[in-house]
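Participant: sequence and predicted model, in that order:
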Amino acid sequence: MDDHCEIRGCRAGADLSYLGHGICSTHWNEFSADDAPPDALRMALGIEAPASTATEVSMPETKAKITKKSKSSKEPKPKREKAPKEDLCVFALRMTEAERTKLHEAAGPGGATRLARAVLIAAANEDEGAFKSAIAEARKLRA
(Lines give C-alpha, C1' and ligand atoms only; values in the text may rest on other atoms or scores of the structure.)
Protein backbone atom coordinates (compact mmCIF):
# COMPACT_ATOMS: atom_id res chain seq x y z
CA MET A 1 0.00 0.00 0.00
CA ASP A 2 1.26 3.47 -0.87
CA ASP A 3 1.49 6.10 1.81
CA HIS A 4 -0.80 8.53 -0.03
CA CYS A 5 -4.31 8.39 -1.46
CA GLU A 6 -4.32 7.09 -5.04
CA ILE A 7 -7.39 9.09 -6.12
CA ARG A 8 -6.26 11.52 -8.81
CA GLY A 9 -5.41 14.96 -7.40
CA CYS A 10 -5.63 13.92 -3.75
CA ARG A 11 -2.56 14.60 -1.60
CA ALA A 12 -3.93 13.16 1.63
CA GLY A 13 -2.31 10.22 3.34
CA ALA A 14 -3.74 6.76 2.77
CA ASP A 15 -5.80 5.61 5.73
CA LEU A 16 -6.75 2.21 4.34
CA SER A 17 -6.16 -0.17 1.46
CA TYR A 18 -8.77 -1.18 -1.13
CA LEU A 19 -7.76 -3.97 -3.53
CA GLY A 20 -4.13 -3.09 -2.95
CA HIS A 21 -4.63 0.65 -3.52
CA GLY A 22 -4.16 3.27 -0.81
CA ILE A 23 -7.13 5.55 -0.19
CA CYS A 24 -7.87 8.34 2.31
CA SER A 25 -10.90 8.13 4.59
CA THR A 26 -12.53 11.16 2.90
CA HIS A 27 -12.62 9.45 -0.50
CA TRP A 28 -13.57 6.13 1.07
CA ASN A 29 -16.63 7.76 2.66
CA GLU A 30 -17.49 9.59 -0.57
CA PHE A 31 -17.27 6.59 -2.91
CA SER A 32 -18.71 3.97 -0.55
CA ALA A 33 -21.74 6.00 0.59
CA ASP A 34 -25.22 4.58 0.05
CA ASP A 35 -25.99 7.18 -2.62
CA ALA A 36 -22.71 6.61 -4.53
CA PRO A 37 -23.01 4.83 -7.89
CA PRO A 38 -21.98 1.17 -7.99
CA ASP A 39 -18.25 0.64 -8.65
CA ALA A 40 -17.57 4.38 -8.10
CA LEU A 41 -14.47 3.62 -6.06
CA ARG A 42 -13.14 1.20 -8.69
CA MET A 43 -13.65 3.76 -11.44
CA ALA A 44 -11.97 6.51 -9.43
CA LEU A 45 -8.96 4.26 -8.86
CA GLY A 46 -8.91 3.11 -12.50
CA ILE A 47 -9.60 -0.53 -11.63
CA GLU A 48 -11.59 -2.56 -14.16
CA ALA A 49 -14.79 -3.98 -12.76
CA PRO A 50 -15.28 -7.73 -13.23
CA ALA A 51 -17.91 -8.81 -15.74
CA SER A 52 -21.33 -8.95 -14.17
CA THR A 53 -22.66 -12.43 -13.47
CA ALA A 54 -26.26 -11.29 -13.16
CA THR A 55 -28.74 -12.82 -15.58
CA GLU A 56 -31.82 -11.22 -16.98
CA VAL A 57 -35.07 -12.65 -15.69
CA SER A 58 -38.22 -12.18 -17.72
CA MET A 59 -41.54 -11.41 -16.07
CA PRO A 60 -44.38 -13.86 -16.43
CA GLU A 61 -47.11 -12.73 -18.81
CA THR A 62 -49.72 -12.48 -16.06
CA LYS A 63 -47.80 -9.86 -14.13
CA ALA A 64 -46.93 -7.81 -17.20
CA LYS A 65 -50.58 -7.20 -18.09
CA ILE A 66 -51.61 -5.62 -14.79
CA THR A 67 -52.95 -2.13 -15.44
CA LYS A 68 -54.01 0.79 -13.31
CA LYS A 69 -57.67 1.48 -12.68
CA SER A 70 -58.89 4.48 -14.55
CA LYS A 71 -59.33 7.59 -12.46
CA SER A 72 -62.81 8.17 -13.85
CA SER A 73 -64.16 5.09 -12.02
CA LYS A 74 -63.52 6.71 -8.63
CA GLU A 75 -66.23 8.79 -7.10
CA PRO A 76 -64.95 12.22 -6.12
CA LYS A 77 -65.04 12.91 -2.41
CA PRO A 78 -67.36 15.71 -1.43
CA LYS A 79 -65.43 18.78 -0.37
CA ARG A 80 -65.87 19.86 3.20
CA GLU A 81 -66.91 23.41 3.70
CA LYS A 82 -64.43 25.37 5.75
CA ALA A 83 -65.69 27.57 8.52
CA PRO A 84 -64.95 31.22 7.84
CA LYS A 85 -61.87 32.35 9.70
CA GLU A 86 -62.02 35.28 12.05
CA ASP A 87 -59.87 38.24 11.16
CA LEU A 88 -57.40 37.93 14.04
CA CYS A 89 -54.45 40.04 15.12
CA VAL A 90 -51.69 39.57 17.69
CA PHE A 91 -51.79 41.01 21.20
CA ALA A 92 -48.54 40.48 23.10
CA LEU A 93 -48.08 40.41 26.85
CA ARG A 94 -44.85 40.74 28.76
CA MET A 95 -44.63 38.47 31.78
CA THR A 96 -42.01 36.71 33.80
CA GLU A 97 -41.18 33.10 33.12
CA ALA A 98 -42.78 32.18 36.44
CA GLU A 99 -46.03 33.90 35.40
CA ARG A 100 -45.91 32.19 32.01
CA THR A 101 -45.37 28.82 33.67
CA LYS A 102 -48.32 29.43 35.98
CA LEU A 103 -50.49 30.36 32.98
CA HIS A 104 -49.57 27.16 31.18
CA GLU A 105 -50.18 25.11 34.31
CA ALA A 106 -53.56 26.75 34.83
CA ALA A 107 -54.66 26.35 31.22
CA GLY A 108 -53.71 22.72 30.78
CA PRO A 109 -51.96 21.31 27.73
CA GLY A 110 -52.28 23.59 24.70
CA GLY A 111 -54.80 25.95 26.27
CA ALA A 112 -52.80 28.99 27.41
CA THR A 113 -53.78 31.22 24.48
CA ARG A 114 -57.43 30.22 24.69
CA LEU A 115 -57.54 30.88 28.45
CA ALA A 116 -55.73 34.22 28.21
CA ARG A 117 -58.00 35.38 25.38
CA ALA A 118 -61.18 34.33 27.21
CA VAL A 119 -60.08 36.02 30.45
CA LEU A 120 -59.03 39.24 28.69
CA ILE A 121 -62.28 39.50 26.70
CA ALA A 122 -64.35 38.72 29.81
CA ALA A 123 -62.53 41.44 31.74
CA ALA A 124 -62.92 43.94 28.88
CA ASN A 125 -66.66 43.23 28.72
CA GLU A 126 -66.96 43.19 32.53
CA ASP A 127 -68.56 39.77 32.18
CA GLU A 128 -68.06 37.87 35.44
CA GLY A 129 -69.92 34.84 34.09
CA ALA A 130 -67.56 34.51 31.13
CA PHE A 131 -64.59 34.98 33.48
CA LYS A 132 -65.80 32.18 35.74
CA SER A 133 -66.58 30.03 32.70
CA ALA A 134 -63.01 30.45 31.43
CA ILE A 135 -61.64 29.35 34.81
CA ALA A 136 -63.97 26.34 34.85
CA GLU A 137 -62.88 25.40 31.28
CA ALA A 138 -59.23 25.59 32.34
CA ARG A 139 -59.93 23.31 35.31
CA LYS A 140 -61.61 20.81 33.02
CA LEU A 141 -58.63 20.85 30.58
CA ARG A 142 -56.14 20.23 33.40
CA ALA A 143 -58.01 17.20 34.69
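Facilitator: That came through fine.

Participant: drop to CA atoms for contacts and neighbour counts, all remaining ones
Facilitator: OK.

Participant: low-confidence bits of this structure, can you list those?
Facilitator: In the predicted model, the chain carries pLDDT under 70 at residues 1-2, 49-73.

Participant: okay, strands next: where are they in it?
Facilitator: Taking DSSP state E, the strands of the chain run over residues 16-18, 21-23.

Participant: in CSV: those, plus mean neighbour count.
Facilitator: Output for those, formatted as CSV (neighbours: other CA atoms under 10 Å):
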stretch, mean neighbour count
strand 16-18, 15
strand 21-23, 21
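
Participant: quick one, helices of the protein?
Facilitator: Secondary structure of the chain, counting by DSSP state H: helices at 25-31, 40-45, 61-64, 97-107, 112-124, 128-142.

Participant: re the thing from before, possible to save the strands of the chain as a markdown table with distance to residue 110?
Facilitator: Formatted as a markdown table, these follow (distance: least, CA to CA, whole Å):
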| stretch | distance to residue 110 |
| --- | --- |
| strand 16-18 | 54 |
| strand 21-23 | 55 |
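
Participant: circling back: any chance of the helices of the chain in JSON lines, plus mean neighbour count and distance to residue 6?
Facilitator: Shown next, in JSON lines, are the helices of the chain (neighbours: other CA atoms under 10 Å; distance: least, CA to CA, whole Å):
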{"stretch": "helix 25-31", "mean neighbour count": "15", "distance to residue 6": "10"}
{"stretch": "helix 40-45", "mean neighbour count": "16", "distance to residue 6": "7"}
{"stretch": "helix 61-64", "mean neighbour count": "8", "distance to residue 6": "47"}
{"stretch": "helix 97-107", "mean neighbour count": "15", "distance to residue 6": "59"}
{"stretch": "helix 112-124", "mean neighbour count": "15", "distance to residue 6": "62"}
{"stretch": "helix 128-142", "mean neighbour count": "15", "distance to residue 6": "66"}
